[in-house]
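>>> Sequence first, predicted coordinates after that:
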Amino acid sequence: MNNYSGSRKFHLALKRCFDFVIGLLAIIVLFVIPVFEVVFIAIRLSSKGPALFKQKRIGKDKEPFMMYKFRTMIVEQYDKDGKEIMSEDRITPIGRILRKLSLDELPQLFNILNGTMSIIGPRPMLDYQAERCTEEENGRFAMRPGMTGWAQVKGRNNIQWTERIQYDLEYIRNYSIWFDVKILFMSVITVFKREGTDVKTEYRGVDRFSKAYHEEEDRS
């Protein structure tokens, strides 16, 4: 047990070093190429609003943090009649391309540098989603959330949240630096195949982690 614990601590320390070095190198390269600049300008020219989008998410030990992304939606949340616009209908043409290529996630490299996120880990939940986790499901908050993870390469947006959480728990139980390397390579393949970027109709608002479900609970 002690050897296992010591090995895990070593792998976790190595994980943080790996995150910082790879995150810093990626940021430098993306500024030099220059991917960040091109995406920033494309967003600003194609729709009104800031290029960066920030949102409170729940991280390790259920601590809230501010997560950064490139904005992929219009800033308006309601139409001229005051009716809420569905998220899928708010995505801009540039935003759709960014999501297909996973470029909207790149600002999370800064989250990696400040220690609120990791390259590999469970995807960060919204606060209302975290509140709905069972005691067992809360185990997913034992590690920093990641830009990508085991659940991402196993189905991304097209598996139910309850299934994603089980993949998160499996990842945490079996964590090693080699598991991270495997997931990283699988993530690259997933991005190139552009799998799971468009949410299928049957996976929208059908479980207790969806916003729609929350609203139904409020009305009951």
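Sure thing, it's come through.
>>> Which parts of this protein are strands?
In the chain, the strands defined using DSSP state E lie at 52-58, 64-70, 118-120, 146-148.
>>> Any chance of CSV for these, columns distance to K80, mean neighbour count and mean pLDDT?
Just so you know, the C-beta spots here come from the backbone N, C-alpha and C atoms, and that holds for glycine as well. Shown next, in CSV, are the strands of the chain (distance: least, CB to CB, whole Å; neighbours: other CB atoms under 10 Å; pLDDT from 0 to 100):
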stretch, distance to K80, mean neighbour count, mean pLDDT
strand 52-58, 23, 16, 96
strand 64-70, 27, 18, 97
strand 118-120, 42, 26, 97
strand 146-148, 37, 25, 96
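>>> Compare these and give me the one nearest V35.
Closest to V35 of these, according to CB to CB: strand 64-70, at 10.4 Å.
>>> C-alpha coordinates for the closest one, CSV please?
Extracted C-alpha coordinates of strand 64-70, given in CSV (Å, rounded to 0.1, in the frame of the first residue of the first chain):
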residue,chain,number,x,y,z
PRO,A,64,-14.6,27.2,-8.1
PHE,A,65,-12.3,28.8,-10.7
MET,A,66,-12.6,30.9,-13.8
MET,A,67,-12.1,28.9,-17.0
TYR,A,68,-11.1,30.6,-20.3
LYS,A,69,-12.2,29.7,-23.8
PHE,A,70,-12.5,31.5,-27.2
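>>> Would you mind telling me which of the strands of the chain is nearest D81?
Of the strands of the chain, nearest to D81 by CB to CB is strand 52-58, at 25.2 Å.
>>> Point out where this protein drops to low pLDDT.
Applying pLDDT under 70 to the chain picks out residues 1-6, 195-206, 212-220.
>>> biggest helix in it, by residue count?
helix 2-32 (DSSP state H).
>>> Buried residues in that one, which are they?
H11, K15, F18, D19, F20, G23, A26, I27, L30 (16 or more other CB atoms under 10 Å).
>>> list the contacts for the closest residue to P107 other than its chain neighbours?
Residue nearest to P107 in three dimensions, not counting chain neighbours: Y68, with 3.8 Å by CB to CB, 6 or more residues apart in numbering. By CB atoms under 8 Å, 6 or more residues apart in numbering, the contact set of Y68 is L52, F53, K54, P107, Q108, F110, N111.
>>> Just give the number of residues close to S47.
By other CB atoms under 10 Å, 18 other residues sit near S47.
>>> That one against F70, yeah?
No - in this structure, S47 is not within contact of F70 by CB atoms under 8 Å, at 11.8 Å.
>>> coming back round to it: can I get the contacts of Y68 in a markdown table including distance to D180?
Converted to a markdown table, the contacts of Y68 look like this (distance: CB to CB, whole Å):
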| residue | distance to D180 |
| --- | --- |
| L52 | 27 |
| F53 | 27 |
| K54 | 26 |
| P107 | 21 |
| Q108 | 16 |
| F110 | 20 |
| N111 | 17 |
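>>> Let me see the contact set for the residue nearest the centre of the chain.
Centroid-nearest residue in the chain, with CA atoms, centre = their mean: R123, separated by 4.3 Å. Contact analysis of R123 by CB under 8 Å, 6+ apart lists P145, G146, G149, A151, Q152, R164.
>>> and what of T162?
T162 neighbours (CB under 8 Å, 6+ apart): D207, F209.
>>> let's number from 27 now, not from 1
That works, and once the first residue is 27, the last one we named lands at T188.
>>> quick one: it and L195, what's the gap?
According to CB to CB, to the nearest Å, T188 stands 11 Å off from L195.
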